Structures are given as C-alpha cells and as structure tokens.
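Undergrad: what follows is a predicted structure for the sequence shown.
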Amino acid sequence: MTTLFTNIKELIQVRDASVKKVSGKDMSTLPTLKNAFLLIKNDTIIDFGSMENAPTSADNTVDCSGKMILPTWCDSHTHIVYAGNREQEFVDRINGLTYEEIANKGGGILNSVKKLQETTEEELYQQSAKRLEEVMQLGTGAVEIKSGYGLTVEAELKMLRVIKKLKENYNIPIKATFLGAHAFPKEYKNNKEGYINLIIEEMLPKVAEENLAEFIDAFCETGYFSVADTDRILKAGVALGLTPKVHVNQFTTIGGVQVSIKHNALSVDHLEVINTEDIKALQGTETMPVALPSCSYFLSIPYTPARDMINAGLPLALATDYNPGSTPSGNMNFVVSAACIKMKMTPEEAINAATINGAYAMNLCDEVGSISKGKKANFFLTKEIPSYGFLPYSFGSNLIESVYIGGEKI
C-alpha cells in the first residue's frame with residue numbers, strides 16, 4: 001500500500017539516514033524542501049523530493065496544499081506510567097508550601113509510590129494508555145517511559161510490565177527505563193544501603209531476566225542518590241546489559257554528569273544547573289544532554305542554559321518529563337515553544353532537539369527523528385501555517401491537523 005503526499009508547502013527535517021544527531025552550530029541548520037512530495041509504502045518512508053519529480057500514481061494521495069510535514073516528536077524522558085494525580089500538591093505549592101514541606105506531609109514522589117502500589121496492574125495500564133494516546137494525538141511518535149514509582153520489587157516490575165504491554169498494543173516505538181533509584185522508600189529512610197542492595201541484588205536481576213528494560217536511571221541529586229550510590233547502581237545495571245540514562249543537576253551540581261559519562265550514559269537529563277566543568281566533561285562524548293523546560297515552567301526553577309551548551313559545541317535534546325508531580329503534561333509542542341521563549345533556542349534548534357536528537361537519546365535514530373528514506377513513516381501534517389517558526393510562536397494553539405504513526409493516520 002503506497003500513499004503519496006503532494007503539494008507539501010514545506011517538508012521539514014529531511015536528512016540522509018546516516019545523520020544520527022546534530023551538535024553546536026549545526027543545530028541551527030534545519031534542512032527542508034519547499035513544494036515537496038513524500039511517498040510512503042506501508043509503514044516506511046520510501047521517497048521524497050520536489051513536486052516536479054513526484055510519482056504520477058499511488059494507492060492513495062493526500063493533497064497538503066498550504067500545510068507542512070514534520071517528523072513526529074521524539075520524547076526521550078517521561079514517567080507516563082503512574083497512578084492518580086498530585087493536584088493537591090499543586091494547590092499546596094501555590095499556597096506557599098515548599099517541596100520539602102509537601103514531602104514531609106506525605107507528598108512528593110512517595111505520594112505517587114503509595115498510589116501506584118495500591119493500584120492494580122490493569123487499572124495502571126488503562127490510566128497510562130489514555131495518556132499515551134493523548135501524547136500521540138499531540139504529535140509524539142516515539143517515547144521513553146520510566147519506572148520509579150514502585151520502589152518495591154513487585155511494584156517496579158508491575159510498572160515495567162505495563163510499559164511492555166503498551167509497547168505490544170501501540171504501534172509506536174516505546175523504550176523502557178528501570179528507575180528503581182528514584183527515591184528512598186519510607187521503610188528504608190534510615191537504611192539507604194539496604195535499599196541500594198535491594199535494587200542491585202533483587203530488582204535488577206529480575207528486570208534483566210524478564211527483559212523488561214533497555215535503560216537504567218538514577219536520580220543523582222542532593223538528598224536522593226549520591227554520586228557514589230549512582231556509580232554503584234549504574235555499574236550493576238551495565239553489567240546486566242542496561243544502558244544508563246540519568247537524572248542529573250536538577251537542583252545542584254554534585255558530579256552526576258561525570259559519573260554518568262564514566263558509565264557511557266546515552267543521555268544526562270535535566271541539567272537546570274550546570275557549570276563549566278560539566279560542560280567540558282560532556283564535550284567529545286557520545287552522551288546526549290536533555291533539557292526538560294516544562295518541568296522548569298511548572299516548578300518555577302531555572303531553565304537549562306541551552307545557549308551556553310550549544311555555544312560550547314554540545315548537542316541538546318528536548319523532552320517533556322511527563323509525570324504527576326513536576327510536569328503533568330506530555331505536550332511536546334509546548335516544550336518546543338518553551339525552549340524558544342525561555343531558553344532562547346531558535347525554532348531550528350528546538351525542532352532538531354525535539355526530533356533527531358530526541359531519537360538519538362532513545363537509541364532510535366535508525367527508526368525515527370527525521371524524514372529519511374527507510375525510516376518509519378511517523379510524521380504529522382500541520383494546519384495551514386505561514387512558516388515552521390509559527391509552531392513555537394503560536395504556543396497556545398494546536399496546529400497539528402493529523403498524525404501518522406507507522407504510515408497510518410491515528
């Protein structure tokens with residue numbers, strides 16, 4: 001089955017499939033074709049080019065006059081599998097309570113943990129599937145999902161099994177990350193060593209045995225997992241074949257970037273606080289820095305200093321951090337806008353960060369992230385817009401007309 005998209009006002013992010021990521025000044029270049037065609041066969045992109053070279057026939061034809069096509073967003077950092085919500089904490093924060101005060105009255109990550117442990121696997125799946133469908137409609141065509149709200153052997157495995165079921169039931173690339181080291185459970189408050197041993201000796205072997213995750217993560221932060229804790233956990237994960245993707249530098253810089261690089265992390269995520277040493281450490285590595293601007297927006301914390309990082313020659317990806325506590329939104333369109341408005345990224349840099357670099361941060365650069373021959377037909381068609389810069393500019397509007405995942409309109 002072939003489908004031909006014709007008269008595309010602008011076909012955006014067209015690349016040779018060998019380009020895996022873009023860094024530094026190259027992030028300001030976004031290759032496009034005006035007055036273009038796109039040809040897909042079943043679930044694969046097979047050709048594109050100028051309209052004058054368009055094929056004369058196909059099984060289906062879609063006229064895209066006045067509209068643009070972009071590859072779907074690649075969201076490389078989410079916590080979509082969770083139970084319930086934390087709207088009361090949102091109100092508490094407005095009323096002046098600090099993150100610490102909220103945590104002390106049973107809020108924070110441990111609030112989500114309690115809810116998740118009390119929720120059945122089927123109910124957890126239903127809640128999470130609804131969120132996944134919502135973000136797909138918003139243009140996301142590849143997603144990473146973390147565990148980390150279980151914090152017991154059984155509850156962590158329950159989360160990862162839900163992610164596996166989503167992967168089986170939805171035609172979208174989904175990557176699973178084991179984040180047992182998200183917080184210390186209440187019962188291990190005074191026995192942190194005991195919980196780290198539980199992660200390494202019981203959780204990790206079961207995750208590996210059931211093949212439930214590709215990545216391992218830890219919240220390396222003051223008051224959570226120290227650099228030494230993170231080092232131990234990542235080492236154990238790597239020994240079982242898991243690749244690190246690590247939460248670092250959200251509130252403080254304590255060496256999380258360096259320990260992640262030591263274990264060849266695929267990405268380091270958050271980076272709201274980053275110093276010259278961290279930037280130098282990332283230069284010349286294969287580790288992708290990932291910024292989460294809607295988390296900064298929601299918590300009123302600093303934004304990742306994108307300009308410093310890009311000017312230093314680094315690549316940068318953008319993701320949502322979709323979770324119930326600090327970013328209850330999976331809208332990548334808002335993320336791209338926030339990156340332009342608050343992080344002073346150009347539309348070209350932000351679109352590169354949310355597509356090709358996001359795909360890299362999930363080990364998916366051979367499948368998605370650009371309009372390239374042989375990649376999955378995961379893309380979206382905009383409504384009639386004057387330019388691609390209008391997408392981040394018009395931050396409150398839904399400018400997506402239709403989304404195609406695996407060549408099928410959803």
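TA: Arrived safely.

Undergrad: now do the helix or strand hosting Asn7: everything it contacts.
TA: Using DSSP states H and E, Asn7 maps to strand 2-12. Identification of contacts with strand 2-12 by C-beta atoms under 8 Å, 6 or more residues apart in numbering yields 30, 32-41, 46, 48, 51, 54-55, 57-71, 351, 371, 381, 384, 387-388, 407. Backbone N, C-alpha and C define where each C-beta goes, glycine included.

Undergrad: paired strands for that strand, with orientation please.
TA: Within its sheet, and counting by DSSP bridges, strand 2-12 is paired with strand 32-41 (antiparallel), strand 60-63 (parallel), strand 68-71 (parallel).

Undergrad: need the winner for burial among these.
TA: strand 68-71 (a mean of 26; mean count of other C-beta atoms under 10 Å).

Undergrad: what's the offset of it from the middle of its chain?
TA: Offset of strand 68-71 from its chain centre (C-alpha atoms, centre = their mean, to the nearest Å): 19 Å.

Undergrad: mean confidence for it?
TA: Averaged across strand 68-71, pLDDT comes to 98.

Undergrad: pairing partners for whichever helix or strand comes after it, with directions?
TA: Next along the chain after strand 68-71, taking DSSP H and E as the criterion, comes strand 73-75. Looking at strand 73-75 with DSSP bridges, its partner strands are strand 140-146 (parallel).

Undergrad: ok now the strand it pairs with, how far from the chain's centre?
TA: Distance, centroid of strand 140-146 to centroid of chain: 6 Å (C-alpha atoms, centre = their mean).

Undergrad: related to what we said a few turns ago, what pLDDT, on average, does the strand holding Asn7 get?
TA: According to the model, strand 2-12 has a mean pLDDT of 97.

Undergrad: any stretches of this structure with poor pLDDT?
TA: Applying pLDDT under 70 to the chain flags no residue at all.

Undergrad: thought Asn333 was touching Leu391?
TA: Yes: using C-beta atoms under 8 Å as the test, Asn333 is close enough to Leu391 to be in contact (6.8 Å).

Undergrad: and for these two, which residues touch both?
TA: Leu399.

Undergrad: kindly list the main-chain dihedrals of the residue most central in space within the chain?
TA: The residue lying closest to the centre of the chain (C-alpha atoms, centre = their mean) is Ser76, at 2.2 Å. Note on Ser76: its backbone torsions stand at phi -90, psi 10 [degrees, to the nearest 10].

Undergrad: ok, which stretches of the stretch 51-200 of the chain are helices?
TA: Taking DSSP state H, counting those that start in this stretch as the test, the helices found in the stretch 51-200 of the chain are 87-94, 99-104, 109-118, 121-137, 153-169, 192-198.

Undergrad: now the shortest one: buried residues?
TA: Going back to what we said before, that points to helix 99-104. Tyr99, Ile102, Ala103 (16 or more other C-beta atoms under 10 Å).

Undergrad: let's have those residues in JSON lines, adding distance to Pro289.
TA: Formatted as JSON lines, the buried residues of helix 99-104 follow (distance: C-beta to C-beta, whole Å):
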{"residue": "Tyr99", "distance to Pro289": "24"}
{"residue": "Ile102", "distance to Pro289": "29"}
{"residue": "Ala103", "distance to Pro289": "27"}
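
Undergrad: before we move on, back to that, just give me the neighbour total for the closest residue to the residue nearest to the centre of the chain other than its chain neighbours.
TA: Distance criterion C-beta to C-beta, 6 or more residues apart in numbering; nearest residue to Ser76, sequence neighbours excluded, is Ala361 at 3.7 Å. Neighbours of Ala361 under the rule other C-beta atoms under 10 Å: 32.

Undergrad: does Ala361 touch Leu266 like I think?
TA: Yes: using C-beta under 8 Å, Ala361 is in contact with Leu266, at 6.4 Å.
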